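S.K.: Have a look; sequence and predicted model below, questions after that.
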Amino acid sequence: MHQSVQFPKTSTGIEGLDEITNGGFPKGRPILICGSAGCGKTLFGIQFLVNGIKEQNEPGVFISFEESTADLTFNVLSLGFDLRKLQAENKLRIDHIRIERSEIQETGEYDLEGLFIRLDHAIKTVGAKRVVLDTIESLFSGMDNETLLRSEIRRLFQWLREKGVTAIITGERGEKSLTRQGLEEYVSDCVLLLDFRVIDQIATRRLRIVKYRGSTHGTNEYPFLIDESGISVIPITSLKLNYKTSTRIVSTGVPSLDVLFDGGGVYEGSSSLVTGTAGTAKTILAGHFAAGSGQRQERVLFFSFEESPDQLIRNMLSIGVDLRPFIDAGLLLIHASRPTLQGLEMHLLLFHKLMKEFDPRTVIVDPISSLVSVGSPLEVKAMLVRLMDSLKLKKINCLFTALIGQGGDAGNDPMVDTVSSLADNWFYLKNEVEGGRRQRMLSIVKSRGMEHYNDFIPFSITREGIKIASTQSHSRSKQTNGK
Amino acid sequence: MPAHNHIHAQNKQMENEQRWELRLYVAGQTPKSILAFKNITRYCSEYLEGRYSIEVIDLLKNPQLAEGDQIIAIPTLIRKVPEPIRKIIGDLSNEEKVLVGLNIRPIPVINEP
């Protein structure tokens, strides 16, 4: 038994963070959250308290050294946190500690017992289990006796431990240390660093667990997002390759393509990649894939980075594929946005959010190549790996399209290279010009665990969608990719 | 509102009619608090004889009172009247600092002609 002894943890109230911390914050201990101005420390604290009240039935106390109660209440209202209501219900107490240096004279010895009494009173009033001190470093700007402040803060943290409250202490990022006043010296259980960076004009918030004594935790920098529902951290844990595979076959949405596979389609939960130069009908194939899912009465989520939903619907309609009934039936959700609208992490987070809300059986991203405009190929690769892993885990069919350069070889494109090695099925589309005539060609480069046609096969786009030439006229060369 | 109606000082000078309402916040009978009380009583009886009141608030007994005057340090002396409110934290051992902080000027002991 003693091997599995784990000190109790409590939910952080922040989506995704519990996973990274393997269960949340250390219960009854102080936690230091540091970061530069505007990185979300205060909101972090509020969300910790509000969710503690709502989800864990743990009342909370917020001691604000900066913002007034009114400002604080107003600022988080837009995120759906009704602090006034929680205060009225006696589940939350906010105490604004204002320190005006100009009002205060110091003479002789003193201590911060007044702060302790206020905190104690607040804790007792609501029966608090969670406390946020935001940000205690303000004391240093209000009082001169630094030595005394330090020893009192040390005493405060010890006192909080004795109280058994889970306390978040925020601190402003320092030049050489994590916090300006070196608070990390006093809080040694759990330290989180928030960061707000702008790279290539795209702002990204990141979070890192600097230390977490006695617990394993993720060590990466994790992107996090502040949106209309508060803070969420991208829940990327070290996914293992242990997902269950399915033997069920699903249609690609193109009957004449399905027959090229021995099983009459692709495996459920497999990932497909469609590559090709511009104008090789990648999006059309993706549209078919979406329609195929709709026909199975399975929800499909379509991320479109280049076409608006209307445009996509119109274009598909022109080739006889009507997506509208699926939208009306709530089976198809097209999410269209420019990739440059937000950072890569935001896209990934949005993927996760929409997937959670919509619960699709199929996800289509058209095209993944445009994501390179918001991140380096390395980052895009990391993101796609994460996305594909989480899709596989949930047995969601996915199809990604990727644009490759004119006359380029898919193998030369670093991103396509990565994704193609991850993908289970790979469709390669190209246009061949012969004697002034352009011929569309398709080839199944690979399909894991299934026999398939190996040659390039001509196809055309008709008023009834993609039609792949009869395979009778082609050599029945098949290849099994058993990987 | 603080009343100015029980002035019992005989001095006719306007400045000296001003009453001082002070409040000392303590947390139990700690040496620092006792010293602070002793100090402020001494300064007052010396410079504000008959024109002052000191209210001692023990936050251990009334913790809810800490919020109103924004008390964090103990002991804290507050000058409520005359306004503006002034705060002095510490055991008040430095007489000059306290007098300056409270803006108390010693009654001039000049023999009038």
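M.R.: Now that the structure is in, tell me what you want to look at.

S.K.: So which residue is dead centre in chain B?
M.R.: For chain B, the residue nearest the mean C-alpha position is B:Leu22 (3.6 Å; Cα atoms, centre = their mean).

S.K.: That residue touches B:Ser53, doesn't it?
M.R.: Yes. Between B:Leu22 and B:Ser53 there is a contact at 6.9 Å, judged by Cβ atoms under 8 Å. Where C-beta positions appear, they are placed from N, C-alpha and C, glycine not excepted.

S.K.: The residue nearest to the centre of chain B falls within a helix, correct?
M.R.: No. Checked against DSSP: H, G, I helix; E, B strand; the rest coil, B:Leu22 lies outside a helix; its state is strand.

S.K.: Is it bridged to anything, and to what?
M.R.: Legend: beta-bridge partners of B:Leu22 under DSSP bridges are B:Ile54, B:Arg79.

S.K.: What distance do you get for it to B:Ile54?
M.R.: 5 Å (Cβ to Cβ, to the nearest Å).

S.K.: okay, and the common contacts of these two?
M.R.: Residues touching both B:Leu22 and B:Ile54 (Cβ atoms under 8 Å, 6 or more residues apart in numbering or on different chains) are B:Ile40, B:Cys44.

S.K.: Under the pLDDT cut-off, which ranges of the stretch 351-483 of chain A? List them.
M.R.: A:406-415, A:471-483 (pLDDT under 70).

S.K.: show me where it has helices.
M.R.: A:377-393, A:414-422 (DSSP state H, counting those that start in this stretch).

S.K.: Which one, of those, ends up nearest to A:Leu72?
M.R.: Distance to A:Leu72, taken as Cβ to Cβ, is lowest for helix A:377-393 among the helices of the stretch 351-483 of chain A, at 34.4 Å.

S.K.: how far out from the middle of the chain is that closest one?
M.R.: With Cα atoms, centre = their mean, to the nearest Å as the basis, helix A:377-393 stands 11 Å off its chain's centre.

S.K.: so which of the helices of the stretch 351-483 of chain A is the most packed in?
M.R.: Across these, the average number of neighbours (mean count of other Cβ atoms under 10 Å in any protein chain shown) peaks for helix A:377-393, which reaches a mean of 19.

S.K.: Helix A:414-422 and that helix, what's the angle between them?
M.R.: 20 degrees (axes from the mean of the first three to the mean of the last three Cα atoms, to 10 degrees).

S.K.: what's helix A:377-393 packed up against?
M.R.: Here helix A:377-393 touches strand A:271-276, helix A:344-358, strand A:397-403, helix A:414-422, going by 3 or more Cβ pairs under 8 Å, 6 or more residues apart in numbering or on different chains; DSSP states H and E.

S.K.: List the contacts of the lengthiest helix in chain B.
M.R.: What stands out as the longest helix in chain B, according to DSSP state H, is helix B:31-47. Residues outside helix B:31-47 that contact it (Cβ under 8 Å, 6+ apart) are A:108-111, B:20, B:22, B:24, B:26-27, B:52, B:54, B:56, B:74-75, B:77, B:90-93, B:95, B:98-99, B:104-107.

S.K.: mind redoing it with 7 Å?
M.R.: For helix B:31-47, the surrounding residues in contact (Cβ atoms under 7 Å, 6 or more residues apart in numbering or on different chains) are A:109-110, B:22, B:24, B:26-27, B:52, B:54, B:56, B:74-75, B:77, B:91-93, B:95, B:98-99, B:104, B:106-107.
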